[in-house]
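S.K.: the following block contains a protein sequence and its predicted model.
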Amino acid sequence: MNSDSVDPRVSSELVQDARVLLDPYKDWAQGEGIPIHLDFGHNLLALETGLWDRYEAKGCFAHTHGAGDFMSNYVLEVPPSGKTKPVKHLYEMFCYVLEGHGSTKVWLPGGEIRTFEWGPKAMFAIPLNCQYQIFNSTGQNRVRVSCTNNAPITLNLYHNVDFVFNNPFEFPERMGAQKHFEGEGDLSAYTHSTGVKRNVWETNFVHDLTSFKLYELEARGKGSTNMSFILADGTMHAHVSQIPKGRYKKAHRHAAGTHVHAVDGEGYSLLWLEGDSEFKEFPWEHGFMYTPPYWMFHQHFNTCPNPARYLACSLGSRRYPFISLRRKSAEGAGSKSLQNGGRQLEYEDQDPRIHRKWLEAMKLSGVPSEMGEIFDEPHILQLPDEALTGVIKMPKSSGPAE
């Protein structure tokens, strides 16, 4: 083929502005006309909101650097005695009530309606493509709801806003039992190959995450408790974990997009990539949310005199893992040591600065450590500052495919 030959598949006129590298989700978000906040994490109670025509309420996007390709978050704000416009969409969404009291009305396939009331620190899921409406039941205070969703993958997959928001297709298998809208559910359990037992609660609505019963998960640290949720038979995952008083969790890492909400207690989280010489620190108290970036170690620390809980939402449920990394997590990789091919950093392998920093924070809060059986705490506190500097030493770890 000589240089004068023309590919018959190519137009005779060269298009100068090819439509490439598009991001339909980003374009949609920018077109909604509300504030878009981008940071490592956010205090969702303090973010600026604006009028959102789609909901006829107020809202903002709470985007994060570690959100990845699949997940996102926005905040809905309903004024006193107000309500949103009825809305439906083809993306899944988990709602965590940051503040206020109200109710949610859901139109099920066939026209049946479910309504349930909630208060602060409740969690609920909207069954896929059901129309719903959120009400503020008080005349004095606003309602703020954190909405973690998989709109990015949905909008980028179909790149048609009308298809996503005005699709008549119904998913009756996603509704669940009537009791699932009343705060009740079904408990099940499974044990994966590592021997770690996971408990799963299937429902659509949890009244209060601070009092919900959790079960032992000591593979993540002594006294640690946990519950995984299957909400509205969804592909998204949620779990609640609790850190005991006087302790902290083991560090681990996973895929991007896990939106971590501090539910109660006080403390902080540390994040770092393997080989980093410094940590990133994020505060821990109700209202704060952040997403650990892909394959970044993160570790949660309780510094208050009470247990501390957090809610984590991500793509890939226990029932439908969706991506290989989530399937590995469901099989126990998140609670398996790096030394054994997992993703968890054991206490004995962590940088000594980590425990030293926590002991100093505990001293300020007046809460005694209950981890003396693991660490030689007097020795760590006596180490000179120069012994606590330098690159973090990590045991040899497996790659992301694990």
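M.R.: Okay, I see it.

S.K.: use CA for all of it now, contacts and neighbours both
M.R.: Will do.

S.K.: packing partners of the longest helix along the chain?
M.R.: In the chain, taking DSSP state H as the definition, the longest helix is helix 352-365. Packing partners of helix 352-365 (3 or more C-alpha pairs under 8 Å, 6 or more residues apart in numbering; DSSP states H and E): helix 377-382.

S.K.: which positions in the helix it packs on come out as buried?
M.R.: Neighbour-count burial for helix 377-382 flags 380, 381 (criterion: 16 or more other C-alpha atoms under 10 Å).

S.K.: for burial, what's the neighbour tally of residue 63?
M.R.: 20 (other C-alpha atoms under 10 Å).

S.K.: could you find the closest non-adjacent residue to it?
M.R.: Leaving aside its chain neighbours, residue 63 sits nearest to residue 38 (4.7 Å; criterion: C-alpha to C-alpha, 6 or more residues apart in numbering).

S.K.: picking up where we left off before, now the longest helix of the chain: buried residues?
M.R.: Within helix 352-365, the residues that qualify as buried are 352, 353, 354, 355, 356, 358, 359, 361, 362, counting by 16+ other C-alpha under 10 Å.

S.K.: any idea how far the fourth one is from residue 243?
M.R.: The spacing between residue 355 and residue 243, counted by C-alpha to C-alpha, to the nearest Å, is 15 Å.

S.K.: chain center to stretch 160-177: distance?
M.R.: With C-alpha atoms, centre = their mean, to the nearest Å as the basis, stretch 160-177 stands 23 Å off its chain's centre.

S.K.: before we move on, what about stretch 156-171?
M.R.: Relative to its parent chain, stretch 156-171 has a centroid offset of 24 Å by C-alpha atoms, centre = their mean.

S.K.: can you tell me what sits against that stretch?
M.R.: 23-25, 28, 87-91, 109, 128-130, 154-155 (C-alpha atoms under 8 Å, 6 or more residues apart in numbering).

S.K.: who wins for neighbours among these?
M.R.: Counting neighbours by other C-alpha under 10 Å, the top entry in those is residue 129, with 25 neighbours.

S.K.: so what's residue 50 up against?
M.R.: 33, 34, 35, 58, 59, 60.

S.K.: which residues does the fourth one contact?
M.R.: Translated: residue 58. Going by C-alpha under 8 Å, 6+ apart, residue 58 touches 49, 50, 51, 52, 76, 77, 78.

S.K.: about what we covered before: what's the closest of the contacts of residue 50 to residue 123?
M.R.: Distance to residue 123, by C-alpha to C-alpha, is smallest for residue 59 among the contacts of residue 50, at 18.2 Å.

S.K.: and that closest one, how many neighbours?
M.R.: Residue 59 has 28 nearby residues by other C-alpha under 10 Å.

S.K.: okay, now the unreliable bits of the protein?
M.R.: The chain contains residues with pLDDT under 70 at 1-16, 193-194, 196, 386-402.

S.K.: give me the domain ranges for it.
M.R.: Per automatic domain parsing, the structural domains of the chain span 24-175, 192-347.

S.K.: for residue 374, find the nearest of those domains.
M.R.: Of all the domains of the chain, domain 192-347 sits nearest to residue 374, with 7.7 Å by C-alpha to C-alpha.

S.K.: what is the end-to-end distance of that closest one?
M.R.: OK, domain 192-347 end separation, C-alpha to C-alpha: 23 Å.

S.K.: quick revisit: the residue nearest to residue 63 belongs to a strand?
M.R.: Yes. Residue 38 sits within a strand when classified using DSSP: H, G, I helix; E, B strand; the rest coil.
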